[in-house]
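J.: Starting from these lines, generate the structure:
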Amino acid sequence: MGNINDGTAGTEATVGIDFSTFVLSMASSAMMQLGRVPDPGGDEPGLNLVMARQTIDILAMLADKTRGNLDDAEQTLVRRLLHDLRMAWVEANRQSTS
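T.: Have a look, this model is predicted:
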């Protein structure tokens with residue numbers, strides 16, 4: 001039976017979530033907050049640098065707290081996501097102040 005929070009309660013189908021799926025979801029949220037992708041509701045991309053910075057900082061905290069507990073693929077994923085998100089934040093911040 002599914003989890004009540006995943007929309008599958010009472011159904012046989014369940015969606016697996018693992019660490020990589022979770023951090024990819026967080027990264028997607030940050031990209032929406034950076035105005036790089038539209039939100040799932042179809043609204044135009046918006047820019048919220050404060051929320052994007054907070055989401056990036058949460059991912060960095062997770063990377064720090066899970067150090068030594070991730071497999072190589074997970075570690076590489078987190079490292080690359082953080083790099084890409086930080087660069088996107090710098091660019092968005094630069095554009096917003098121009």
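J.: Give me the contacts around stretch 47-63.
T.: Counting by CB atoms under 8 Å, 6 or more residues apart in numbering, stretch 47-63 makes contact with 23, 26-27, 29-30, 33-35, 78-79, 81-82, 85-86, 89, 92-93, 96, all of which sit outside it. Any C-beta I mention is one placed from the backbone N, CA and C, and that applies to glycine too.
J.: same check, this time on stretch 65-79
T.: Residues outside stretch 65-79 that contact it (CB under 8 Å, 6+ apart): 19-20, 23-24, 59, 62-63.
J.: Tell me which residues of that stretch come out buried.
T.: Neighbour-count burial for stretch 65-79, counted by 16 or more other CB atoms under 10 Å, picks out 70, 74, 77-78.
J.: re earlier: the contacts of stretch 65-79 in strands, which ones?
T.: Per DSSP state E, strands hold no members of the contacts of stretch 65-79.
J.: ok, so of these, who is nearest residue 45?
T.: For the contacts of stretch 65-79, the closest approach to residue 45 (CB to CB) belongs to residue 24, at 18.3 Å.
J.: how close does the closest one get to residue 93?
T.: 23 Å (CB to CB, to the nearest Å).
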